[in-house]
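K.L.:
the following comprises the amino acid sequence and a computationally predicted model.
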Amino acid sequence: MTDLLSAVPGALAPLLAHAAHFAEGTRPGGDALWGWVLLLTPLAGSLVIALGSVPGKGAISERAAGWIGTVAIFLGFGAALACLVQLQGLGAESRHITDGYKYAQALGVDFRVDIFLDPLSVFMALVVTGVSALIHLYSVAYMKSDQGYRRFFAYLNFFVFSMLLLVLAGNMALLVVGWAFVGAASYLLISFWYRRETATAAGIKAFVMNVIGDVGIVIAAFLLWSELKTLSIPQLLATAEDPFSVAPSTTFTVAALMLLVGAFAKSAQVPLHTWLPDAMEGPTPVSALIHAATMVTAGVYLIARFFPFFELSETAALTAATLGAVTMIVAATTALVQTDLKRIIAYSTMSQIGYMVVAVSAAAYSAGMFHLMTHAFFKALLFMSAGSVIAAMGGIQDVRKMGGFKKAMPFTYVAFVVGSLALAGFPLLSGFFSKDEIISFTLNRGGAYAYIAGALLVGAVLTAFYSMRAVFLVFHGDTCEPARELEGGQLHHGDHVNPATGEHEDTEVGFPGADHHIAEREPEMKIAMGVLALLSIVAGALQVPGVMHSIEHFLAPTFEASRYLEVEPTHGEEYTGLGIGALIALAGIALAWWLYIPRRGVTARLAERLPLAHAWLANAWYFDKLYDAAIVRPVAALGRFCDRIVERFVAGGVIDGFVGLARGGNGFVRALQSGLTRAYAALVIFGATAVALYFYVVAR
Amino acid sequence: MTGLVILLSLPLIGALFAICFPRDQVASVAPIMTLLQVGSAGMMIWRFKTTDGLQFFVDEVWIGDLGIHFALGVDGLSIFMIALTVLTWTVATIAASLRPVENPRLFYFMLALAEVGTLGAFMAQDLILFILFFDLLLIPFYFLIGIWGQGDRRAATTKFMIYTMAGSLLMFAAAIAFAAISAQQNESTFSFLFIDLIANPVGASTQKWVFAGFALALLVKMPLPPLHGWMPDTYRAAPLAVLIPLSAVVAKLGAYGFLRIVLPLMPEAVSAFDDVMLVLALIAIVYGSLMAFTQDEARLVVGYSSIAQIGFVALGIFALDAKGAEGAILQMLNHGIVVVGLFLVIGYLADRAGSERLSQMGGIARNAPVFAALFLIVSLATLAMPGSANFVGELYILFGAFDGSFAYGAVATVGVVLAAVYMIRFFQRTMHGPGGSAESRELDGAELGLLLPAVLITLALAVYPQFVVTRIAPAADAALQTIELPGAETVTEEKTESPAGVPRAGQGRSKPEEPVQ
């Protein structure tokens, strides 16, 4: 139907190159077979849907496209499980597999397509495919009436492939490929409703910001290559883990900082974060999958992946932790006053990733990855629930217009509350354990990290407050018109308008579909949300201080060389942390309840009384305005200056002068226009001499 | 006679054959004849041996008294350029044949003549032969733009001729002087063969002014600012079918000249002027990018983006590092292919919007999903999206540049980001948005048939760049042979341990900062 084939760019590469790998007669996939299956199944899904939606005899139906996409990801999840089983069968010292082939290798640059399976990459792959599979299932129903249904699934499958490429990459250059593919998939999905100008503007912003990140990783790749003469990630790690083969150096610090540029651009951390709130222009399942659960956590994964280099450079690690904490505070405070439901959750995402960044920078790797996983569950759940509410509102996202959905949407209500409580760190839910583990570990590192841990505690109050604020605004309070209609059995379909600008839209290709779908009426949505709600409640049990340490044990082989392996809080300290965390969460929740249920209206008066503070937060600390004034406008102005002034002067300059001169003399013009004449020859030599003189001056 | 001579003469034979047909059938016969060249070029790639260096060598003494030889040969540097030439002209010929042209016999003859000139320049192993072909191709372009062009074509062709002829004349003079001085200083026989000239180097001071002559001609052709003044007018005036080869291939001839002639023959001058050239390359990257995102005319978006891209190629060449040269050669090929795609796309867009101005387009994706998808692939490849062969080229160029001087490489990365800005802007302004008066229509069979091969080649290169990378590597090394310090370790293909950033002779540039151990 629509620009379906867009999912293909370069994506064929690994598939066909794998064939080349066999043709070369080198060792075939062998023991990494499940890794390749894991990587290529989503790609195959994407290609089948893309090619199958070219109008014609072979075209597949819309429903089929949705299910092909969903099944492909479930198969991928199965392959990830197989990888897990395979890895667990290996001894702890050799629990990793690398496999691949030459891609563009010459002159000492070993650019290869290698996949690297180890506990960390398989852990990520499990989270990515697991959450993706559920979101695909949700989308089967949620996107049902959209004209770009097949295109949507082709993109979504392509995204999962890209994300797996990023996660499994065993070569720095291939990592950049996965990194950029993910950015491209994100761009395609943000601009999915491409007739909306707000969506295309958000798309280009996200794309450019992500390219800045790509460049960071390319530079890091060069620096590591120039020091260690390889791009192979396992080899780089093995060298850096060995304290006798490397010493801290400026090069490693710069390389680690460049990795951070990539990580921060992708994970929307200050100062490269401004694209994420705008990315909410994409369909809500995209926000759930890419801009909450998986892609934006890639930066956390990157820091954990290259942990030996961050341990080699205290500067880089502390920079990362500090900026992570700053992001956490900036985003959490901004979330307090946002009025767009999706933007509230988006700022919450930024802030939670701040927690993870602090964790992996403070060498609390398993805590960071644990929070990454629980966050993927409850944040995906929150977005799915938000999608359901927005559908019930007929596409409106403004929380001020919502209210009283509790009775009309009981299932969505429960799901949203579970997600919010898990996010707020309500005792015994998943977020409670994962967040407090981060705080305990960070505090335990001492020094500057103690201050950061303090900031994390402040952030925890804010988190509890803003997450419950959304619950009370949307589901409690005065019942809004759409909620009342829904109670009467009537799903509200208002005017089709762009929620950002209020412009009216028709529902043909390139705009959201005509119909809306809520969880209460769609079993696929219900199943996906139900599973995630369950996981949001129980996943915390995987890692309970003194009781269960599944994640820590599973990831141990990856991080066994960490210099901070023995630096960890005692169980007593952790229990104290849990106690304080519980109090903080309950306090935040209670405050939100008090301000939005019995004392409703207080916050509005507060905002009126403190207009500057409110504007500061509503504008997200004015980062957008700053970048606009400091970068976007000057560069655009420079472009116009080149176009209007420099170009005419430099390029026109000499030769235009001669042509103009020639035009002045009438007879000369006729000679000129009669073709190649002697006059021409004269002009040519004259011009040649002049330009030669000019170059002579330049060359000196 | 060997295959190269056949390949070189095939365009003319084809054109002369086509001309024998009645006037209204010429346009049908000419494209078919170009397909013969595709087969011939395919054979050449098939028989090419990666490790053999210069191959299919033909050497006939032409004008013995003057030491001019009719010498042709192919190596890793030229093989893909020749293939690109054939491909581009085939596409251009077919694209031209889809619309009626006035005086088709002359048109197709001129088009073929231009191809012969280009092929000859890529094959020539004799300096005078190179310059002859290099100048020969200008004449047909002059007529192609002057007669079949649009707008203010007279002024445009005049400007084009003045710029390029000025350079060529200087290069011609410099070449003769170079050979004479070479023979005199080394007391060798007078010869223009590259191998003889490399074997008999001239003094540094001679090299410097000879370099100036060559550099001028080649920079104009590429073109690098500030010598690009002919580009906007020529691009506006040229018919699309003529613009495709002009932009995709002829522009690369400038970069090729540096690698084939300037680097091996004038190593000391290259070392001396290295920084000047690198700064010019960086200016091209930044200036071209800035211009590309301010343009409203689609052709000029591509035109200025090509300046930025050729700036990357120049950066790779003057990084004086085998990795940079490898990337430069690869990028010449990659960029040639995407430019073919981009100009085809511009033609299709103009058909739908009735104008080539971005401000008149928008929303074209709506009913044209396949068109949008193919255009997107070409756009992403152009901005060197990782996963494309263009990224491999850019990566090698950046690695080479970083190895030489970290600062130069760092400035170049600005161009990487700006490329994303101007290409995505180009794609969005045309395909996305609420849509204006532009008609959204899917590609028809002929349009698809022309664009698809370019896209498929882009994808194939993205899938397995190793095929090209391996074949280029020895040539990248060879281009820098004379520049390396005597006794410095040479980097050979597939060698994994040795850093390619070995110190070069007599240059003032610093090595990358040594880490504090």
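P.N.:
Thanks, I have it. Residues are numbered from 1 along each chain as shown, chains lettered A, B, ... in the order given.
K.L.:
any idea which residue sits dead centre in chain A?
P.N.:
Centroid-nearest residue in chain A: A:V296, 2.6 Å away (criterion: Cα atoms, centre = their mean).
K.L.:
the spatially closest residue to that one that is not a sequence neighbour: how many residues sit nearby?
P.N.:
Spatial nearest neighbour of A:V296, chain neighbours left out: A:S267 (5.2 Å); criterion: Cβ to Cβ, 6 or more residues apart in numbering or on different chains. Placement of C-beta: from N, CA and C, glycine included. Neighbour count of A:S267, defined by other Cβ atoms under 10 Å in any protein chain shown: 29.
K.L.:
ok, A:N210 next?
P.N.:
Here the number of neighbours of A:N210 (other Cβ under 10 Å) works out to 24.
K.L.:
measure the residue nearest to the centre of chain A to chain B for me?
P.N.:
Counting by Cβ to the nearest Cβ, to the nearest Å, the gap from A:V296 to chain B is 19 Å.
K.L.:
A:W275 too?
P.N.:
Taken as Cβ to the nearest Cβ, the span from A:W275 to chain B is 13 Å.
K.L.:
let's test this: name the helix or strand in chain A with the lowest mean pLDDT.
P.N.:
The weakest-scoring helix or strand in chain A, judged by mean pLDDT, DSSP states H and E, is helix A:666-673 (a mean of 45).
K.L.:
whichever strand or helix holds A:V461 packs against which elements?
P.N.:
Using DSSP states H and E, A:V461 maps to helix A:448-475. Contact analysis of helix A:448-475 by 3 or more Cβ pairs under 8 Å, 6 or more residues apart in numbering or on different chains; DSSP states H and E lists helix A:314-337, helix A:341-361, helix A:405-408, helix A:410-424, helix A:430-445, helix A:571-596 as its packing neighbours.
K.L.:
now A:M295: closest residue in space that isn't a chain neighbour?
P.N.:
In space, and not counting its chain neighbours, A:M295 is closest to A:V182: 5.3 Å by Cβ to Cβ, 6+ apart.
K.L.:
helix or strand: which one has that neighbour?
P.N.:
helix A:172-190.
K.L.:
can you state the direction angle for whichever helix or strand comes after that helix and helix A:172-190?
P.N.:
Going down the chain from helix A:172-190, the next helix or strand is helix A:197-228, by DSSP H and E. Here helix A:197-228 points in a direction 170 degrees away from that of helix A:172-190 (axes from the mean of the first three to the mean of the last three Cα atoms, to 10 degrees).
K.L.:
gap between helix A:197-228 and the chain center?
P.N.:
In terms of Cα atoms, centre = their mean, to the nearest Å, the centre of helix A:197-228 is found 12 Å from the chain centre.
K.L.:
immediately after it, which helix or strand?
P.N.:
Following helix A:197-228 in sequence order, the next helix or strand is helix A:233-241 (DSSP H and E).
K.L.:
quick one: contacts of that next one?
P.N.:
With contact meaning Cβ atoms under 8 Å, 6 or more residues apart in numbering or on different chains, helix A:233-241 is reached by A:96, A:98, A:114, A:116, A:169-172, A:175, A:224, A:228, A:230, A:245-246, A:252, A:305-306, A:308-309, A:312, A:561.
K.L.:
what subset of those is also close to chain B?
P.N.:
A:T230, A:F252 (Cβ under 8 Å from any Cβ of the partner chain).
K.L.:
quick one: buried ones out of the contacts of helix A:233-241?
P.N.:
For those, a burial check counting by 16 or more other Cβ atoms under 10 Å in any protein chain shown picks out A:96, A:98, A:114, A:116, A:169-172, A:175, A:224, A:228, A:230, A:246, A:252, A:305-306, A:308-309, A:312, A:561.
K.L.:
among the residues you listed, which are in helices?
P.N.:
Of those, the ones assigned to helices by DSSP state H are A:M172, A:L175, A:L224, A:L228, A:F252, A:R305, A:P308, A:F309, A:L312.
K.L.:
as CSV, those with distance to B:A272 would be great.
P.N.:
Below are those laid out as CSV (distance: Cβ to Cβ, whole Å):
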residue, distance to B:A272
A:M172, 35
A:L175, 39
A:L224, 33
A:L228, 34
A:F252, 35
A:R305, 45
A:P308, 43
A:F309, 39
A:L312, 40
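K.L.:
what's the most distant pair in the residues you listed?
P.N.:
For these, the farthest-apart pair by Cβ to Cβ is A:L175 and A:L312; their separation is 18.7 Å.
K.L.:
quick check, the strand or helix carrying B:A179 touching chain A?
P.N.:
In the assignment (DSSP H and E), B:A179 maps to helix B:153-186. Yes - using Cβ under 8 Å from any Cβ, helix B:153-186 reaches chain A at B:R154, B:A155, B:T158, B:K159, B:M161, B:I162, B:Y163, B:M165, B:A166, B:G167, B:L169, B:L170.
K.L.:
which ones are touching the spatially closest residue to A:W193 that is not a sequence neighbour?
P.N.:
Residue nearest to A:W193 in three dimensions, not counting chain neighbours: A:A199, with 5.0 Å by Cβ to Cβ, 6+ apart. Applying Cβ under 8 Å, 6+ apart to A:A199 gives the contacts A:I190, A:S191, A:F192, A:W193, A:E281, A:G282.
K.L.:
let me know the helix or strand that the closest residue to B:K221 other than its chain neighbours is in.
P.N.:
Take B:K221 and drop its neighbours on the chain: the residue closest to it by Cβ to Cβ, 6+ apart is B:G254, 3.5 Å away. According to DSSP H and E, B:G254 maps onto helix B:251-257.
K.L.:
okay, now the unreliable bits of chain B?
P.N.:
Chain B contains residues with pLDDT under 70 at B:1, B:484-517.
K.L.:
now the residue nearest the centre of it. Nearest residue, chain neighbours left out?
P.N.:
For chain B, the residue nearest the mean C-alpha position is B:K252 (1.8 Å; Cα atoms, centre = their mean). Counting by Cβ to Cβ, 6+ apart, B:M332 is the residue found nearest to B:K252 once chain neighbours are left out, at 4.4 Å.
K.L.:
wasn't the residue nearest to the centre of chain A part of a strand?
P.N.:
No - going by DSSP: H, G, I helix; E, B strand; the rest coil, the assignment for A:V296 is helix, not a strand.
K.L.:
do you know how far it is from B:M291?
P.N.:
According to Cβ to Cβ, to the nearest Å, A:V296 and B:M291 sit 34 Å apart.
K.L.:
ok, A:A561 touching A:L312?
P.N.:
No - the pair A:A561 / A:L312 is not scored as a contact, 11.4 Å apart, by Cβ atoms under 8 Å.
K.L.:
which stretches in the stretch 51-200 of chain A count as helices?
P.N.:
A:62-88, A:119-142, A:149-168, A:172-190, A:197-228 (DSSP state H, counting those that start in this stretch).
K.L.:
mean confidence score for the first one?
P.N.:
When pLDDT is averaged over helix A:62-88, the result is 92.
K.L.:
check the fourth one too.
P.N.:
Per-residue pLDDT values across helix A:172-190 average out to 94.
K.L.:
so what does it touch, helix or strand wise?
P.N.:
Helices and strands touching helix A:172-190, as assessed by 3+ Cβ pairs under 8 Å, 6+ apart, comprise strand A:97-106, strand A:109-117, helix A:149-168, helix A:197-228, helix A:233-241, helix A:250-266, helix B:389-404.
K.L.:
likewise for the second one?
P.N.:
The criterion is 3+ Cβ pairs under 8 Å, 6+ apart, and the helices and strands that helix A:119-142 contacts are helix A:62-88, helix A:149-168, helix A:284-288, helix A:298-305, helix A:365-392, helix A:523-538, helix A:550-559.
K.L.:
thanks a lot, see you next time.
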